[in-house]
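Trainee: Structure for this input, please:
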Amino acid sequence: MQTIQLKTAKLPKMLGDLMHSNQFLKMFSLASLVTSILTLVALLILINRPPLVLTFSSSGEVLARTTEVKAEDQIRAATNAYLERRYNWEPANVKQKLLNAAAFIAPQSFKAYQGAAANVAKVSTDRLVSQRVFPDKVTVNLDKRAVVITGDRVTAIQGLKAAGNLRLELSFESGPRTKANPWGVYISKEKEE
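Mentor: This is a model prediction of the structure:
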């Protein structure tokens, strides 16, 4: 009995090891590519979202976001609504516009406003007068409780138009908020220059 020891060639074993390591590298490369594509898609989605702003108090608590408007902005909005009703009219709608503007008049000034509104309505319907104002600048002074409006005024009398400057000073006061006057700003005095 003779024992024969077979020697295996090293080349096939080396090729097998090499093929096995290449398969491992190919699968690792494919997994890396898929992970990179998913990360890129997630990054593109997150880039297109608006930023999330968190506000914290001094103790580290999250503060609720409020949308409070400045007093000047509310007064400016009320003044623009008043100008639209009081100073933009035509003979056909002058009475209704002036009646709508009465919601912005302070109670102590209401009688004076009614007299002035009646005169404006009479002149407008008798002489076919229409008017439009275009405010350029509305300046609010909270200390004096006054609003100064500058801009342009276009008046048409029987079809003939005339343009002029508008400078109007309104004194205001606070009051109850109503459906017709949601700002609670009431005009107590008007002064045109």
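
Trainee: Okay, and Tyr186 sits in which element?
Mentor: strand 185-192 (DSSP states H and E).

Trainee: Let me see the mean pLDDT of that strand.
Mentor: Taken as a whole, strand 185-192 has a mean pLDDT of 92.

Trainee: list the buried ones in it?
Mentor: Using 16 or more other C-beta atoms under 10 Å as the test for burial, strand 185-192 gives 185-188, 190. Bear in mind the C-beta positions are built from the backbone N, C-alpha and C, glycine included.

Trainee: Need the max-distance pair from those.
Mentor: Across the buried residues of strand 185-192, no pair lies farther apart than Val185 and Glu190, at 13.6 Å, counting by C-beta to C-beta.

Trainee: hang on, Val62 packs against Val53?
Mentor: No: shown here, Val62 and Val53 do not form a contact pair, counting by C-beta atoms under 8 Å, at 11.1 Å.

Trainee: more crowded one of those two?
Mentor: Val62 (9 against 6; other C-beta atoms under 10 Å).

Trainee: who does the more buried one bridge with?
Mentor: Phe56 (DSSP bridges).

Trainee: Give me the pLDDT for it.
Mentor: If you check Val62, the pLDDT there is 77.

Trainee: I'd like the distance between it and Glu190.
Mentor: Distance from Val62 to Glu190, counting by C-beta to C-beta, to the nearest Å: 47 Å.

Trainee: Dump the buried residues of strand 185-192 into JSON lines; add distance to Thr35 as well.
Mentor: Output for the buried residues of strand 185-192, formatted as JSON lines (distance: C-beta to C-beta, whole Å):
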{"residue": "Val185", "distance to Thr35": "60"}
{"residue": "Tyr186", "distance to Thr35": "66"}
{"residue": "Ile187", "distance to Thr35": "67"}
{"residue": "Ser188", "distance to Thr35": "70"}
{"residue": "Glu190", "distance to Thr35": "71"}
